[in-house]
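*Asks:* okay, predicted coordinates and the sequence, questions at the end:
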2 protein chains.
Amino acid sequence: MLHDPAQLDLMFQALADPARRQMVDRLSRGPASVSQLAEPLAMSLSAVVQHLNLLEASGLVRTQKVGRVRTCQIEPKALRAAEHWINERRLSWERRLDRLGDFLAETKDET
Amino acid sequence: MLHDPAQLDLMFQALADPARRQMVDRLSRGPASVSQLAEPLAMSLSAVVQHLNLLEASGLVRTQKVGRVRTCQIEPKALRAAEHWINERRLSWERRLDRLGDFLAETKDET
DNA sequence: GGAAAACTGAAGCAGTTACTTAACTATTGA
DNA sequence: TCAATAGTTAAGTAACTGCTTCAGTTTTCC
């Protein structure tokens, strides 16, 4: 479910915007309401809600409304999925370099 | 240099597109020419070059031209920077949860 | 009950993005 | 030399994004 390419797409797309990354950054320090998320951002509350909806659709953030306040928090599992995608590609590349290094070392021995 | 917010912005933006992620994925298995990168993608070579230029500007991919062939390879340091940004936020959240857990366990002892 | 607080949703708009096609510029190899 | 290969660049366009404003809806609290 979390490695579903469509979900991954939404996550990376969500992380591509600086305002949304700032919101994730804020939430990494603890839950916050929509207004609290909006406070440091130079845009209307409405714009923040639109960003938040994207973050929620991507799975990166979970929200729940109690009374008139929507409280938001990070979903670490989703962050881990994005992290994992990058990590796998990087490791794949680095393992390839290692094998190449071994090969070169071996062929050098054979002189 | 790699933790420069502008560079991070370019990286996440580059990773937001499925075609570009597919290119990164291909490159994680080894270097490739522009045509080789284009081969599995349902778009013109010109479009691929445009994607590649973005990937290069973001620092995720390095290319060098020999003769008429441009060979592309992954820049693991850049991947690591993106990975690191996500990882820091996730850990920050998870450490917060741990502290909260400890606190709740302690106050429970005091009954 | 009624004002204030905390959102929410729709419409509109300017700027950006992801393509396309078409016209190029090297390189290579027969 | 000259055709094919590999890539590049520019111009145009359709769709998508990131806002804005404005007009709601719920809750809360006096």
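*Replies:* Perfect, thanks for sending it.
*Asks:* any weak-confidence spans in chain A?
*Replies:* Residues of chain A meeting the criterion pLDDT under 70: A:1-2, A:102-103, A:108-111.
*Asks:* what's the spacing between the helix ranked longest in it and its chain's center?
*Replies:* Counting residues, the longest helix in chain A under DSSP state H turns out to be helix A:76-109. Distance of helix A:76-109 from the chain centroid (CA atoms, centre = their mean, to the nearest Å) equals 21 Å.
*Asks:* and what of stretch A:63-78?
*Replies:* Distance, stretch centre to chain centre, for stretch A:63-78: 16 Å (CA atoms, centre = their mean).
*Asks:* which other residues reach that stretch?
*Replies:* Residues outside stretch A:63-78 that contact it (CB atoms under 8 Å, 6 or more residues apart in numbering or on different chains) are A:2, A:7, A:11, A:24, A:27-28, A:31-34, A:37, A:52, A:56, A:58-62, B:89-90, B:93-94. Using the backbone N, CA and C atoms, a C-beta is placed for each residue, glycine as well.
*Asks:* which residue packs closest to the residue positioned nearest the centre of chain A, ignoring adjacent ones?
*Replies:* Central residue of chain A (CA atoms, centre = their mean): residue A:79, 4.5 Å from the mean position. Residue nearest to residue A:79 in three dimensions, not counting chain neighbours: residue B:90, with 4.2 Å by CB to CB, 6 or more residues apart in numbering or on different chains.
*Asks:* now do residue A:20
*Replies:* The shortest distance from residue A:20 to any non-neighbouring residue, by CB to CB, 6+ apart, is to residue A:51 (5.1 Å).
*Asks:* and the angle from the one helix or strand the one you found maps to to helix A:76-109?
*Replies:* If you go by DSSP states H and E, residue A:51 is part of helix A:45-58. Interaxial angle, helix A:45-58 versus helix A:76-109 (axes from the mean of the first three to the mean of the last three CA atoms, to 10 degrees): 60 degrees.
*Asks:* quick one: the helix or strand just after helix A:45-58 near DNA strand C?
*Replies:* Next along the chain after helix A:45-58, taking DSSP H and E as the criterion, comes strand A:61-66. Yes. Part of strand A:61-66 sits near DNA strand C under the criterion CB under 7 Å from any atom of the strand, namely residue A:65.
*Asks:* and chain A, which residues reach DNA strand C?
*Replies:* Applying CB under 7 Å from any atom of the strand, we find that chain A lies next to DNA strand C at A:33-36, A:45-46, A:49, A:52-53, A:65, A:68-70.
*Asks:* and those, which of them are buried?
*Replies:* Buried residues within these, counting neighbours by 16 or more other CB atoms under 10 Å in any protein chain shown: A:33, A:34, A:52, A:70.
*Asks:* what's around residue A:11, how many residues?
*Replies:* By other CB atoms under 10 Å in any protein chain shown, the residues close to residue A:11 number 24.
*Asks:* so it sits right up against residue A:58, yeah?
*Replies:* Yes. Residue A:11 lies in contact with residue A:58 (CB atoms under 8 Å); the separation is 4.7 Å.
*Asks:* that older thread, let's have the buried ones among the residues of chain A next to DNA strand C in TSV, adding secondary structure.
*Replies:* TSV is the format used below for those (DSSP: H, G, I helix; E, B strand; the rest coil):
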residue	secondary structure
A:33	strand
A:34	helix
A:52	helix
A:70	strand
